[in-house]
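Asker: Starting from these lines, generate the structure:
(2 chains)
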Amino acid sequence: MFEHMGLGDHTVVANLIVTKIGKNLKFWPDDHEIIQKTLSLLTDIASGYSSSKLLLTLDTVKYLVSHHTHEEFPFLNVPSNARHRTTFHAILVRLLLSPTGEEKLGINFDQFMEPLIKTMTQLDGLDSSQLRSEAARQPLIGVFRDLRGVAISLHNRKAYSKMFDILEPRHTPLLSKVADLWHEQPDVIISLLRFMQEFCHNKANRVNFDQSSPNGILLFRATSDVVCAFGRRVLANTATPAGDIYKSRYKGISLALSVLNSALGGNYVCFGVFALYNDPALANALDVSLKLALSIPLDHVIAYPKLSKSVFGFIEIMFRNHIKTTLALDTNVFMQLMNAVHEGLQSSDALNGSTCANTVDHLATFYYENNGKDKPEVRNLNNVSYKCRRNRAQVTLQQISNCVIFLFLPFHTALGSSAQSIFKPHGHPLQSTALRSAPKSLGGHASDAESHARQRIQLHGLQRSPDEYAGCGQPGVTERGIQQTARRRESKFGEFESR
Amino acid sequence: MQLTQQTSPLNTNTNAYTAANPQQEVILGEQALTLTVRCLNFDFIGTNPDESTEDVGTIQVPSNWKPVIQDPATTELLLDFYANTDPPRSSKAMEAIILLCSVRRSLFSCDKEREAFLGRVMTGIRELLKNQTGLQHQDNYHQFCRLLGRIKSNYQLSELVKTEGYLEWLELSASFTTQSIRNWQYSTNSIHYLLALWNRLVAAVPYVRPDTGNKGHVEALQQHVLNVVECYIDSMLGSVETVLRSEGALEDPLEDDGSLMEQMDRLPSICRFQYSAVTNVILGKFDPLLSKYQELMGHLVSSSTDSAPPHIAEQMTILEGQLTWLTYIVGAIVGGHSWSSSKIGDGEETLDASLSKRVLQLAQGIDYRLTSSNGAGKADSKLEMGILYYFQNFRRVYMFMWEQVSFRSSVQIDIRG
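Answerer: Numbering: from 1, shown residues only, chains lettered A, B, ... in the order given. Just a heads-up that it's a prediction; the model follows:
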């Protein structure tokens, strides 16, 4: 084919194509479509095995890698090309880090990062007012988008540690400073948070340090600083912003929560250390995030899919790994959390439903494993349920108790096949994960739970015989149905009480 | 069932012109037709929850509708109705015909019945084409193109070939296609249906024995396809100038990404059917344009197109537009390798190579101009997009071979010129 074309062998043709790509990037900074198509062509070439090896031998690519700043490629400076900066750097780093990449391209990772480091050092040197000025906006956005691109292509532990060593400890204070100063400007704060999200994301187990290395903890500290700085400012700024509330407020909150989700769930830091050495990083982070999560009205949370994903994910991680802190919360706050979980269980989005079901699973498992043991968390849990009983008039408690009753229901009848039928999910297949776990966790306590449940049900005036309940649980009777019945009876009981 | 009930109102309608008030007649006819179309469009087996596409699949009609559908009177009725009324009623009638043609093959109990049905439809189409009935209306025209596109997808080529007057039908369709393409201003949305028809005809040729049905149909097909392709290329190249001269009144087909891509998708197999002939046509057009363009670029070496004198700027724009079309076409053809059919014979590869060579030279030329003028001498952005399209296709088909190139034995064929 290539002989037939008469232009030279395949390397010449490839060089031609790549040169054209380079020229496009250089001379068409404003044409969004051309840049996008050019970058996607480059991504496709770089992703192929043989074609990427070929790319490494071409001069144009060497030029691209060593001169990836906006002096050479003005498209990087055009604000609407922000995500193209990320793609561009991701491709270059991918080529650089591929096997034999560094030697063929004649440049190593640190040299590649030099322009970025230079910008960051410059930004470091600015004081607060200069940092907050308009002149700093573009460089900040640029450097965060580029760093994100670099972080995307770090595929293994070695590469990740190289980048980590570059950033920490010289440049991490900059991150929280920016979060603090620029919190209400979506473009800057979002590029910062997206970078943090990528950086904390432990894909392919790349965030993995030596046993003697404190880096995991340092990373979490930096993350916590950023999230706390941002969160505190957002919480203080309660004025309703004009315009698109999602873009100006919720997007930032959603990203901040997902950053923390990746950090908490990444499995690279031992969180017990913080309590042991009285380091407030963890406590602050959890505190601020919780406030952030609860500050948004629940119907807004459910309305925005990405927001609901991060909020429910956060609640789930809290219950999974930090249940002690969760149970130590104030009852009202705890109830708000349970309310949110309850709403999430009924959402039409399968992912949210399963996350909330997992949350309930964790709570139930904890209860099962620790019931009867004298630990502060268990006492807290019992306090909560006691207070529930006391404040019967609260509607939220009704819903929570119904959640709990729904879990305890099987123990009214003999555990067995009837329980299975009660567990048939009413059109929500993922709730069954919670329901299936319930007998596991509560299974050993049949008599205990039964008396508990009986007590509770009598208290709420639900005077029904066990057989009636068995009937209730058949598919067709939804949880809402039970709730409504409960509410009706509850109101009657309330009336009776107030007389 | 219901369908019989509707066709009887249609029958009574056409038979009793004097019976009712003309106004009521019109409304009655319209309602009856709408009902027919809705019935036929019904999703009998629930396969397609998404109703947003225009394209009709095979309609799974229930068996008790068979007598009505097979009855020649139904097709006659609909064709008559079409001929005698204006849009929107006539286009609805045409839609009904399309749906009738798309009924499942198993509805007919034997081949003979199916052939008879097909024969009637084909005769109807031939009459329409000969007399150009009602085709001057945009709606009718669009539906008719859909019908042509549809008729092949539901019936095998061997059946079509066996119908009476197939060759005549073929010829009429070909001239209809060329005419439509020439009038691209009115028909941009419908051209790709016609191209789809030729696409399917061509794709089915390997499966039909040359001696079935009418004699010489393969040669006829070859000839017609070549005509269609030539006409397409010619008129698209011509469109550039027309658009320019109209100064904004006409929409540039190059900017309509959706239909452009649809047309490009249909092209590869049509062009590859007669690859060497088509290549010669393309090369015949490409070479003079390319040399002229290079000459002009030489004049304008360090300046942008805008700063050049007006008639040169105009020439450049026209040339660039034409080169863009050719680049897109070459890109589509090169990328249209179907690995399932015959493997790439050396012959085809040579042709690919000669086409690619031109495009790459073009790319080089533009590149040179950009660098020497340091960014001022830009080609039209549409041309750049066309080149990127070509690169993507080229990469998809040929780039994986790079490792193996050195091991392949190559046939030295001189293709320069």
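
Asker: next structured bit after the helix or strand hosting residue A:313?
Answerer: Assigned by DSSP states H and E, residue A:313 belongs to helix A:305-321. Counting by DSSP H and E, the element after helix A:305-321 in chain order, helix or strand, is helix A:323-327.

Asker: List the buried residues for that next one?
Answerer: Neighbour-count burial for helix A:323-327 flags A:323, A:325, A:326, A:327 (criterion: 16 or more other CB atoms under 10 Å in any protein chain shown). (C-beta placed from N, C-alpha, C; glycine too.)

Asker: can you list the residues that contact that helix?
Answerer: A:283, A:286, A:318-319, A:334, A:337, A:362-363, A:366, A:376-377, A:380-381, A:384 (CB atoms under 8 Å, 6 or more residues apart in numbering or on different chains).

Asker: Go again with 7 Å.
Answerer: Contacts to helix A:323-327, defined as CB atoms under 7 Å, 6 or more residues apart in numbering or on different chains, come from residues A:286, A:318, A:319, A:362, A:366, A:377, A:380, A:381.

Asker: repeat for stretch A:258-272
Answerer: By CB under 7 Å, 6+ apart, stretch A:258-272 touches A:193, A:196-197, A:200-202, A:207-208, A:216-217, A:220, A:223, A:227, A:282, A:285, A:289, A:310, A:313-314, A:317, A:321.

Asker: Which members of those occur in strands, if any?
Answerer: Using DSSP state E to define strands, no part of the contacts of stretch A:258-272 is located there.

Asker: Among the residues you listed, which ones are in helices?
Answerer: Among these, the members falling in helices (DSSP state H) are A:193, A:196-197, A:200, A:216-217, A:220, A:223, A:227, A:282, A:285, A:289, A:310, A:313-314, A:317, A:321.

Asker: Using PyMOL, make a named selection holding only the buried ones among these.
Answerer: A single PyMOL command suffices to select whichever of the ones in helices among the contacts of stretch A:258-272 are buried according to 16+ other CB under 10 Å:
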select buried, chain A and resi 193+196+197+200+216+217+220+223+227+282+285+289+310+313+314+317
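
Asker: Give me the distance between the residue nearest in space to the middle of chain A and chain B.
Answerer: Centroid-nearest residue in chain A: residue A:258, 2.2 Å away (criterion: CA atoms, centre = their mean). Taking CB to the nearest CB, to the nearest Å as the measure, residue A:258 falls 32 Å from chain B.

Asker: for residue A:124, same thing?
Answerer: From residue A:124 to chain B the distance is 34 Å (CB to the nearest CB).

Asker: per-residue pLDDT, that residue?
Answerer: pLDDT recorded at residue A:124 is 83.

Asker: Okay, and it sits in which element?
Answerer: Applying DSSP H and E, one finds residue A:124 within helix A:109-125.

Asker: Which residue is the nearest non-sequential neighbour of residue A:163?
Answerer: What sits nearest to residue A:163 in space, not counting adjacent residues and going by CB to CB, 6 or more residues apart in numbering or on different chains, is residue A:154, at 6.0 Å.

Asker: Repeat that for residue B:255.
Answerer: residue B:382 (7.5 Å).

Asker: any idea of the pLDDT on the one you found?
Answerer: At residue B:382, the pLDDT recorded in the model is 83.

Asker: Am I right that it is in a strand?
Answerer: No: counting by DSSP: H, G, I helix; E, B strand; the rest coil, residue B:382 is not found in a strand; it is helix.

Asker: For it, grab the count of nearby residues.
Answerer: For residue B:382, the count of nearby residues is 20 (other CB atoms under 10 Å in any protein chain shown).

Asker: next one: stretch A:248-268 to chain centre, how far?
Answerer: How far stretch A:248-268 lies from its chain's middle: 4 Å, per CA atoms, centre = their mean, to the nearest Å.

Asker: before we move on, what about stretch B:224-241?
Answerer: Relative to its parent chain, stretch B:224-241 has a centroid offset of 12 Å by CA atoms, centre = their mean.

Asker: Please enumerate residues in contact with it?
Answerer: Residues contacting stretch B:224-241 (CB under 7 Å, 6+ apart): B:170-171, B:174, B:177-178, B:181-182, B:184, B:198, B:202, B:253, B:270-271, B:273-274, B:277-278, B:281-282, B:285, B:318, B:321-322, B:325, B:329.

Asker: Just the buried residues of whichever strand or helix holds residue B:356, please?
Answerer: Using DSSP H and E, residue B:356 maps to helix B:346-372. Within helix B:346-372, the residues that count as buried by 16+ other CB under 10 Å are B:348-363, B:365-367, B:369-370.

Asker: which non-adjacent residue is nearest residue 177?
Answerer: By default, I'm working from chain A. Take residue A:177 and drop its neighbours on the chain: the residue closest to it by CB to CB, 6+ apart is residue A:131, 6.5 Å away.

Asker: Please refer instead to chain B.
Answerer: Per CB to CB, 6+ apart, closest to residue B:177 is residue B:194, 4.7 Å.

Asker: I'd like the next helix or strand past the helix or strand in which the one you found is found.
Answerer: Following DSSP H and E, one finds residue B:194 within helix B:184-204. Later in the chain than helix B:184-204, the nearest helix or strand by DSSP H and E is helix B:217-246.

Asker: any idea how far that following helix is from the chain center?
Answerer: In terms of CA atoms, centre = their mean, the centre of helix B:217-246 is found 11 Å from the chain centre.

Asker: how about it: buried residues?
Answerer: Quick answer for helix B:217-246 (16+ other CB under 10 Å): B:217, B:220-221, B:224-226, B:228-233, B:235-237, B:239-240, B:243.

Asker: So for whatever residue of chain B ends up closest to chain A, what's the pLDDT?
Answerer: Going by CB to the nearest CB, chain A is nearest to residue B:353 of chain B, at 3.5 Å. Note for residue B:353: predicted pLDDT of 79.

Asker: again, but for residue A:435
Answerer: Looking at residue A:435, its pLDDT stands at 44.
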